[in-house]
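Novice: test case, fold it:
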Amino acid sequence: MTLTTETSAAGAIWFDDLIDAETRAEIEKEVIEAANRDRVLRDLILTTPILRSAILRAVTAALHFDPLALLADGWCTAKDIRAACREGGKTGAPIVLKLSSHSIERDIHPAIKVTIGFEKSFDLDVGLGLAGTFDGITLTIRDSKLESVGAGTCGLALLVRVAGRPVISRDITTLDLPAEYRFAQPLALR
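Specialist: Sure, this is the predicted structure:
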């Protein structure tokens with residue numbers, strides 16, 4: 001899944017800002033250890049020391065995403081939410097839905113390509129699973145597009161996989177959501 005939706009820079013929530021130094025170090029350690037278990041990558045890391053830092057930079061860049069925009073995909077595909085919007089009519093007025101406690105899980109597979117010079121490059125198979133547990137939130141929808149999420153709390157947990165194998169699973173934080181967290185581009189319900 002590619003994320004293109006962001007809030008304005010002033011109000012944005014970035015996942016990498018929510019990770020503490022200990023968790024970041026553990027993610028980096030586990031990704032390098034997983035790369036070391038692959039014979040070809042291990043040999044490349046040993047012969048090209050800069051490769052280790054290139055891998056870590058690529059993984060760090062993959063952690064820079066808006067977690068609410070990723071999880072909002074779950075709301076955009078929910079049948080109950082689409083049905084509530086159809087019942088609300090097509091007046092152009094916003095529909096505000098208060099949701100009960102629920103969870104959403106989404107996976108992303110960032111394209112991480114590490115290049116050494118002009119001749120050597122490889123893809124690093126990293127998958128990120130994000131789980132959000134929501135309580136007391138509201139969604140604002142207009143013209144079948146999710147405009148904002150607000151109020152309530154959101155607990156976030158991360159699962160990192162390398163080559164399809166889980167290497168770290170960690171509860172990250174619980175966010176107290178603002179009264180309105182607007183998406184820069186409304187997300188279409190599907």
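
Novice: can you check which helix is longest in the chain?
Specialist: Longest helix in the chain, counting residues (DSSP state H): helix 21-37.

Novice: buried residues in the very next helix or strand once past that one?
Specialist: Per DSSP states H and E, helix 21-37 leads on to helix 39-47 as the next helix or strand towards the C-terminus. For helix 39-47, the neighbour count (16 or more other CB atoms under 10 Å) marks L41, L44, I45 as buried. For every residue, glycine as well, the C-beta is placed using N, CA and C.

Novice: and the lowest-mean-pLDDT helix or strand in the chain, which strands flank it?
Specialist: Here the helix or strand of the chain ranked lowest by mean pLDDT, DSSP states H and E is strand 112-116, holding a mean of 73. In the sheet, strand 112-116 lines up against strand 120-124 (antiparallel) (DSSP bridges).

Novice: which one is the residue most central in space within the chain nearest to, not counting chain neighbours?
Specialist: A centroid search over the chain (CA atoms, centre = their mean) returns P67, at 4.3 Å, as the residue closest to the centre. Using CB to CB, 6 or more residues apart in numbering and skipping residues adjacent in sequence, the residue nearest P67 is F15, 4.7 Å away.

Novice: tell me how far that neighbour lies from L175.
Specialist: 11 Å (CB to CB, to the nearest Å).

Novice: intersection of neighbour lists for the two?
Specialist: Each of L156 lies in contact with both F15 and L175 under the rule CB atoms under 8 Å, 6 or more residues apart in numbering.

Novice: just give me the longest strand of this protein.
Specialist: For the chain, the strand reaching the highest residue count under DSSP state E is reported as strand 165-176.

Novice: please tell me how far that one is from the chain's geometric centre.
Specialist: 11 Å (CA atoms, centre = their mean, to the nearest Å).

Novice: good, wrapping up.
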